[in-house]
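J.: no FASTA, just this:
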């Protein structure tokens, strides 16, 4: 039991990232509200970024700035990669939100099930 | 000088996309010519690169002169040059077609925007094929997915919005899974450069097998979603059917192939055959590919809308490509590459000829295609050639790719796959042949003398005719590209 708790404690960052990823995926797949699905994507993105940052971390490490103090420093590369990743996810979010606005304008709803119903009704008319 | 061409290609495409908005006040034709010249320049330069690689061998390009473990590295080899040249050549044809037709359903002010998206799309595809860095692949993949989605949603119709939304959601799930895979790889190796990771993997495989298994899973699923490999294909038919015809040709003919190329790169260059065989990946891929080949065709049969039918047919054809890859042999990969080429030609020919028919007749329902062959002999003729290619009739390029796939399956002692291939070919015949018969043997609903024959612009007619000829040429002289394909396969380490 103690060993298990110790393991949880040691890997808490990784486990947290995986949990967030699964929560996000669950939101994207199961919710019918389009805005909530976009939120799910954002949670998934955060999970991956969090994981990246956790990889780069060194316990008790120094910030990666050139100074005279010797010692281990934190790996800066993951943080740099994540900056790019954040920009990408923000742009995807903006794009999908703009799509949701268009969908709301044409259908009058942002619920996936209702949109499917409206489409079905129209196809039946053809 | 030649070493600088790859980065020059990328920059030229990107800056074209940025310059097009400046032409807003000028006539639309000027944008078209400008775009055409850029495409032509990039095409020529990639031919030069192909020749250079053929003669002098592959080379690396380091962005900003940084060492590979720090910076981004481009790898220009037989694989990259062949596929960039092919993509660009095909894109020139689709581009000149789009000059006549892309505008359907787009307001006049937005013509320019379509071309901005097109050039960014092309930039991302070239980048993906050239780059040798995992994180860079992710970034280009995101650029590609956002531009493909907007090229679908540019048409102001409701079904475009919903299908683009579904596409963007699934695509994002795919990209983030891929990124998670990259993170897992980075965690144990400390590199994102594909070459360096591949060197380090055999050593870390003994230490951290769980990480690698998870990474393989995340990456295969992530790219599987984007390449519409069978169980993850749900977004494809809607998205490809609702886009403007020229974009459908690009999406179905080229973009999903580019994802298949990343798939190949990841499997063979990053993980290598030994590791993947240990994880039973070949068997998993073979099974999903076979199921996809059969079920994709069955779904296609049930469709009433012709573009949706073509979309489902793409799902089945991706199955062929994955089948070739999953054999993990020289012959299999060779067949897969040939099928990537041939299916790109066939599917673009199908979408463009159907696009011309929709442009002229405004008709997408299959059961209204009676006698269309008599009204539009050229478009329907090319449609017939391409459809016969899909079925795998000799003298079309489709036959050669199926023949090669069959040989590769025999070579791998998997005779059951031959059965799957034949069965899937029969299924293809079951939904393509009725359309051809209907179009040529039945009488049109409106009498022929009432309508002028085949009145579509020359810019649309010419690409369709060239594609038809190209399919036949590749069917008769497959060796025209086989040398280059062999070079591409060899550059992957076979």
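T.: That came through, no problem. Worth saying up front: this structure is predicted, and the values here are computed from it rather than measured.

J.: Can you tell me the SS state at residue B:68?
T.: What DSSP: H, G, I helix; E, B strand; the rest coil gives for residue B:68 is coil.

J.: remind me which residues of chain B are low pLDDT?
T.: B:25-26, B:101-108, B:445-455 (pLDDT under 70).

J.: Please list the residues of it that sit near chain A.
T.: B:135, B:138-139, B:142, B:145-146, B:149-150, B:153, B:158-159, B:161-162, B:164-165, B:168-169, B:172-173, B:176, B:179-180, B:183, B:186-187, B:192 (CB under 8 Å from any CB of the partner chain). Glycine gets a C-beta too; all of them are placed from N, C-alpha and C.

J.: Among these, which ones are in helices?
T.: Among those, DSSP state H puts B:135, B:138-139, B:142, B:145-146, B:149-150, B:153, B:158-159, B:161-162, B:164-165, B:168-169, B:172-173, B:176, B:179-180, B:183, B:186-187 in helices.

J.: For ChimeraX, write the selection for the buried entries among these.
T.: Command for ChimeraX that selects the buried part of these, burial taken from 16 or more other CB atoms under 10 Å in any protein chain shown:
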select /B:135,138,139,142,145,146,149,150,153,158,161,162,164,165,168,169,172,173,176,179,180,183,186,187
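
J.: What segments of the stretch 301-450 of chain B are strands?
T.: With DSSP state E, counting those that start in this stretch, there are no strands along the stretch 301-450 of chain B.

J.: so who does residue B:243 touch?
T.: By CB atoms under 8 Å, 6 or more residues apart in numbering or on different chains, the contact list for residue B:243 reads B:151, B:152, B:155, B:160, B:251.

J.: now, which of those sits nearest residue B:301?
T.: The nearest member of the contacts of residue B:243 to residue B:301, counting by CB to CB, is residue B:251 at 21.8 Å.

J.: do you know how far the residue lying closest to the closest one once chain neighbours are set aside is from residue B:49?
T.: The spatially closest residue to residue B:251, leaving aside those adjacent along the chain, is residue B:240, at 5.3 Å (CB to CB, 6 or more residues apart in numbering or on different chains). Using CB to CB, to the nearest Å, residue B:240 is found at 30 Å from residue B:49.

J.: Which one's more surrounded, these two?
T.: residue B:240 (31 against 23; other CB atoms under 10 Å in any protein chain shown).

J.: From what I see, that one and residue B:311 are in contact.
T.: Yes - counting by CB atoms under 8 Å, residue B:311 is a contact partner of residue B:240 at 4.2 Å.

J.: Run a quick neighbour tally on residue B:95.
T.: So residue B:95, with other CB under 10 Å, has 24 neighbours.

J.: residue contacts, it?
T.: B:35, B:36, B:39, B:118, B:246.

J.: Are any of these buried, and if so which?
T.: Here, 16+ other CB under 10 Å leaves B:35, B:39, B:118, B:246 buried among these.

J.: what's near enough to touch the nearest residue to residue A:76 once chain neighbours are set aside?
T.: Leaving out its chain neighbours, the residue that sits closest to residue A:76 by CB to CB, 6+ apart is residue A:64, at 4.1 Å. By CB under 8 Å, 6+ apart, the residues touching residue A:64 are A:73, A:74, A:75, A:76.

J.: Closest to chain B out of the residues you listed?
T.: residue A:75 (8.3 Å; CB to the nearest CB).

J.: thought that closest one was touching residue A:54?
T.: No - in this structure residue A:75 lies outside contact range of residue A:54 using CB under 8 Å: 10.9 Å.

J.: correct me, but residue B:427 touches residue B:297?
T.: Yes - here residue B:427 reaches residue B:297: they are 3.7 Å apart, a contact under CB under 8 Å.

J.: Next, show the common contact partners of these two.
T.: In contact with both residue B:427 and residue B:297: residue B:316, using CB under 8 Å, 6+ apart.

J.: Can you show me the helices along the stretch 251-400 of chain B?
T.: B:256-264, B:273-278, B:281-301, B:306-326, B:330-361, B:372-375, B:377-391, B:397-411 (DSSP state H, counting those that start in this stretch).
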